[in-house]
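Asker: turn this into a structure:
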Amino acid sequence: MKRGSIMLTNLHTSALGRLGLRLGVITLFTPGLLLPTATAGVQWAEWTDADNHFYAVSAMPDFDQRRANDDPDKVGFPANGSMYCAPTASANALAYVATHGFPEIDPGVAAWSMQYKYNDSGELILALGQEMGTTPNGGTSPFSMDDSLAPRLQEKFVVTHSHISSTFTPTVGLMAQLGINDHIVIPYYYFCNKNQTADGQLILDPSGGHCVTLAYSKAEDGESVVGFRDPGGGGDLYSQSTFKTRMWNYENEDVVYNNIARKMSRLGSPASSRYLTGFVSIIPKECYSWEPYDNGWSRFRNAIIAGSQKDHSYEYQFNEIDMILDLAPGPNNEKSWILAKQQTFYKLFPISNHDGAIDPSPIDDLVRPTAMAFDRHHTMHIVDAQGIKSYSGDGQDFIGTVPLPSLASKMVVNDQNDTLVVLLPQTGHLATAPVDHSAGLELSRIPTTVTFSDDMDMAINPVDGAIFLLNAEANRLWAITEDRGNLSAEAIDLAGLEDATDIDVDDSGDLLVAGRGTLKAYRQEADSREWRANPDNVRHGAPCGAKFTINRSRSNWIAGTPTYQNVEESGEGATNFTDCPADVTWDRVVDIEDLLVVLEAWDTQGGSPGDITNDQMVNIEDLLLVVGGWGNCSD
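Answerer: This next block holds a predicted model:
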């Protein structure tokens with residue numbers, strides 16, 4: 001029996017009775033009439049591991065990148081759009097966000113599959129192409145995608161770019177897990193020339209790339225399939241093609257890429273040259289907060305994408321720890337990492353942001369640690385009595401230690417120049433060191449106007465690299481800036497600042513302050529330079545513990561990384577699934593299995609595979625979609 005199926009004897013009698021009453025009007029609800037307004041979200045969100053999962057999102061737009069520019073009544077693209085996959089895949093994501101709870105985000109709410117919206121979607125794609133520097137001959141460099149999307153979304157979302165590197169290899173399984181956790185994922189893959197060495201190693205040499213939008217991933221019983229909204233998947237150059245999902249078998253294959261042996265996700269048959277090389281993900285802003293001695297922490301999502309099947313605001317309680325020292329969201333928000341004291345021992349707990357599962361502590365030799373952070377290259381850094389210790393992103397591989405002259409209390413990462421900034425309160429210094437340990441430690445004395453206590457906190461502005469210091473005992477705050485090697489300190493007066501316990505800075509440069517159980521946001525005015533409360537910040541007024549941290553937009557792209565010309569995707573070896581909203585089980589036929597999924601979830605509220613209409617209720621409207629779409633799906 002398939003997922004979601006139930007025994008016929010368990011059918012809700014009231015549901016069957018209402019069905020009988022409404023059968024006479026079923027003919028009014030044909031699939032063609034319902035398709036444009038169906039706005040379902042995440043249909044399936046099941047995760048055991050990378051080899052056993054089911055992710056499917058419905059109503060993701062599927063705009064065409066290929067559009068002629070010789071018709072004055074149609075919005076077309078240079079070179080007929082052959083190089084416009086990245087802005088088109090990104091437009092899919094933006095339109096999905098807008099139609100799933102955020103109508104204020106361009107392009108707004110519309111029935112995007114309809115032909116009368118063809119020019120509107122084209123104008124959005126053109127605008128994104130200009131922002132991304134898309135060219136008719138070369139296409140779009142991956143690093144420019146997040147540069148365009150982040151400013152459009154930064155009020156309520158964070159945008160993360162994860163490119164293949166010496167410390168990171170993207171996989172379809174990781175993307176599926178992020179999708180299940182409500183990330184909107186925009187993958188890209190490279191076409192690679194293959195060379196087999198005498199000892200059997202498969203060496204990849206990339207020659208071009210293509211960008212898509214993730215809509216489906218399923219791994220079960222040794223079979224793995226991924227589905228994309230492919231911008232190059234159709235169209236006659238003058239009209240929007242029918243929305244569809246392009247399905248690829250995939251396999252994680254042992255290869256050598258950039259002189260590093262690794263497993264990469266190959267799309268298609270063993271002969272295929274397509275290998276996943278990166279993705280951009282979009283996720284709502286989140287806040288992680290805790291009371292140091294309460295043995296617990298909470299995760300609060302500041303905005304919810306409609307159609308989610310998960311509750312991303314929750315509290316978590318530990319049973320066997322004495323104190324939480326620090327917390328850091330891991331790369332791609334896949335895990336939360338808790339640094340804690342347990343009797344006389346210090347432990348690091350990686351906790352799944354999907355189901356709260358706690359993995360064993362990968363590090364057991366910490367000596368009085370005080371702070372931790374991840375850099376944008378997915379490397380973990382922990383400050384303890386022996387210095388700054390660095391590890392691979394999963395904590396399994398030790399990289400090295402940077403000794404410190406005195407005990408550090410706080411640490412932040414400056415993504416602009418890839419440095420660690422550490423507070424040394426005993427000597428009144430800021431210490432900086434490269435994240436890759438390529439140079440020694442540099443010390444800068446903090447001006448004597450800054451007073452220190454046993455309860456100091458530090459934050460960094462991702463916009464300009466300025467450092468903020470909070471003396472929580474004295475309820476005083478300073479901005480620390482650097483000019484030609486010298487530090488200066490400016491006292492900050494925040495209206496209503498009382499009992500401040502922690503600080504951070506979000507992607508827009510707003511200063512966030514925790515106090516009395518609430519988070520407040522402040523923005524510096526350009527003219528007066530005064531800091532004023534910003535109630536428009538989505539995090540302003542959110543519940544918050546004494547200590548907190550936030551997720552933030554980041555990119556691991558390194559300047560000088562080679563880029564490759566976009567390649568038109570032929571789709572050879574893939575299968576196209578035309579949209580069939582009532583096919584809840586994604587088996588290309590609307591039948592009793594789909595009906596049973598709806599009836600099993602009857603009268604439930606919140607995300608569910610049976611909620612085809614995405615109105616957060618499983619009711620007669622969902623059932624009528626199944627009955628009206630009965631039979632084989634068209635392809």
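Asker: so which residues of this structure form helices?
Answerer: Using DSSP state H, the helices found in the chain span residues 13-22, 31-34, 85-98, 118-132, 143-153, 172-180, 592-600, 620-628.
Asker: give me the number of residues near Trp557?
Answerer: 22 (other C-beta atoms under 10 Å). Using the backbone N, CA and C atoms, a C-beta is placed for each residue, glycine as well.
Asker: that one and Ser144 touch, don't they?
Answerer: No - the pair Trp557 / Ser144 is not scored as a contact, 9.4 Å apart, by C-beta atoms under 8 Å.
Asker: please tell me how far His437 sits from Arg262.
Answerer: Applying C-beta to C-beta, to the nearest Å, the value for His437 to Arg262 is 22 Å.
Asker: mean neighbour count, the helices of the chain: which tops it?
Answerer: helix 85-98 (a mean of 27; mean count of other C-beta atoms under 10 Å).
Asker: for the spatially closest residue to Ser555 that is not a sequence neighbour, list each beta-bridge partner.
Answerer: Among residues not flanking Ser555 along the chain, His161 sits closest, at 3.7 Å (C-beta to C-beta, 6 or more residues apart in numbering). Judged by DSSP bridges, the bridge partners of His161 are Val280, Ser555.
Asker: swap in Ala261?
Answerer: Partner residues in beta bridges with Ala261, using DSSP bridges, are Val256.
Asker: that one reaches Ile203, doesn't it?
Answerer: No - at 9.8 Å, Ala261 does not count as touching Ile203 under the criterion of C-beta under 8 Å.
Asker: show me what Ser336 bridges to in the sheet.
Answerer: Beta bridges link Ser336 to Pro329, Ile351, judged by DSSP bridges.
Asker: and stretch 301-312, average pLDDT?
Answerer: Average pLDDT, stretch 301-312: 78.
Asker: just the buried residues of that stretch, please?
Answerer: Across stretch 301-312, burial judged by 16 or more other C-beta atoms under 10 Å covers 301-310, 312.
Asker: and those residues, which two are the farthest apart?
Answerer: Across the buried residues of stretch 301-312, no pair lies farther apart than Asn302 and Gln309, at 18.8 Å, counting by C-beta to C-beta.
Asker: and Ser390, what does it touch?
Answerer: 379-382, 398-402, 435, 437 (C-beta atoms under 8 Å, 6 or more residues apart in numbering).
Asker: now list the buried members of these.
Answerer: 379-382, 402, 435.
Asker: tabulate those (a markdown table), appending distance to Asn295 and pLDDT.
Answerer: Shown next, in a markdown table, are the buried ones among the contacts of Ser390 (distance: C-beta to C-beta, whole Å; pLDDT from 0 to 100):
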| residue | distance to Asn295 | pLDDT |
| --- | --- | --- |
| Thr379 | 28 | 96 |
| Met380 | 23 | 96 |
| His381 | 25 | 97 |
| Ile382 | 21 | 97 |
| Val402 | 31 | 96 |
| Val435 | 31 | 97 |
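Asker: now, among the residues you listed, which is nearest to Leu623?
Answerer: Using C-beta to C-beta, Met380 comes nearest to Leu623 of the buried ones among the contacts of Ser390, at 49.1 Å.
Asker: nearest residue to that closest one other than its sequence neighbours?
Answerer: Leaving aside its chain neighbours, Met380 sits nearest to Tyr391 (4.6 Å; criterion: C-beta to C-beta, 6+ apart).
Asker: enumerate every residue touching that neighbour.
Answerer: By C-beta under 8 Å, 6+ apart, the residues touching Tyr391 are 362-363, 379-382, 397-399.
Asker: 10 Å - rerun?
Answerer: Contacts for Tyr391 (C-beta atoms under 10 Å, 6 or more residues apart in numbering) come out as 348, 362-363, 372, 374, 379-382, 397-400.
Asker: and if you look at Gly465?
Answerer: Here Gly465 is in contact with 412, 414-417, 419, 421, 481-482 (C-beta under 10 Å, 6+ apart).
Asker: could you pick out the buried ones from those?
Answerer: Buried by 16+ other C-beta under 10 Å: 412, 414-415, 419, 421, out of the contacts of Gly465.
Asker: in strands, which of those fall?
Answerer: Those of those mapping onto strands are 412, 414, 419, 421, per DSSP state E.
Asker: now these as CSV including distance to Met323 and pLDDT?
Answerer: CSV is the format used below for these (distance: C-beta to C-beta, whole Å; pLDDT from 0 to 100):
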residue, distance to Met323, pLDDT
Val412, 21, 98
Asn414, 28, 97
Thr419, 29, 97
Val421, 24, 98
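Asker: circling back to that earlier point, so what's in contact with Trp557 and Ser144 at the same time?
Answerer: Common neighbours of Trp557 and Ser144 (C-beta under 10 Å, 6+ apart) are 161, 563.
Asker: thought the residue nearest to Ser555 was touching Asp415?
Answerer: No - the criterion here is C-beta atoms under 10 Å, and His161 misses it with Asp415 at 11.7 Å.
Asker: Ala261 and Ile203: which has the busier surroundings?
Answerer: Ile203 (15 against 11).
Asker: so that one bridges to which residues?
Answerer: In this entry, Ile203 is beta-bridged to Asn195, Val256, by DSSP bridges.
Asker: how about the buried ones among the contacts of Gly465, which pair is most distant?
Answerer: It's Asp415 and Val421 that sit farthest apart of the buried ones among the contacts of Gly465, by C-beta to C-beta, at 11.1 Å.
Asker: now do the same end-to-end measure for stretch 410-429.
Answerer: Its start and end residues considered, stretch 410-429 measures 12 Å (C-alpha to C-alpha, to the nearest Å).
Asker: kindly report the same for stretch 292-305.
Answerer: 31 Å.
Asker: now stretch 58-67
Answerer: 25 Å.
Asker: can you pull out the strands in the stretch 301-450 of the chain?
Answerer: In the stretch 301-450 of the chain, the strands defined using DSSP state E, counting those that start in this stretch lie at 314-317, 323-329, 335-342, 345-352, 371-374, 380-384, 387-391, 398-402, 410-414, 419-424, 429-434, 442-445.
Asker: surely Val597 touches Val626?
Answerer: Yes - with contact defined as C-beta under 10 Å, Val597 reaches Val626; the gap is 8.5 Å.
Asker: what touches both of the two?
Answerer: Jointly contacting Val597 and Val626 under the rule C-beta under 10 Å, 6+ apart are 584, 610, 612.
Asker: so who does Ile338 touch?
Answerer: 288, 290, 297, 316, 318, 321, 324-328, 347-351, 358, 361, 372.
Asker: if any of the residues you listed are buried, put those into a ChimeraX selection.
Answerer: In ChimeraX, a selection of the buried entries from those looks like this (16+ other C-beta under 10 Å):
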select :288,290,297,316,318,321,324,325,326,327,328,347,348,349,350,351,361,372
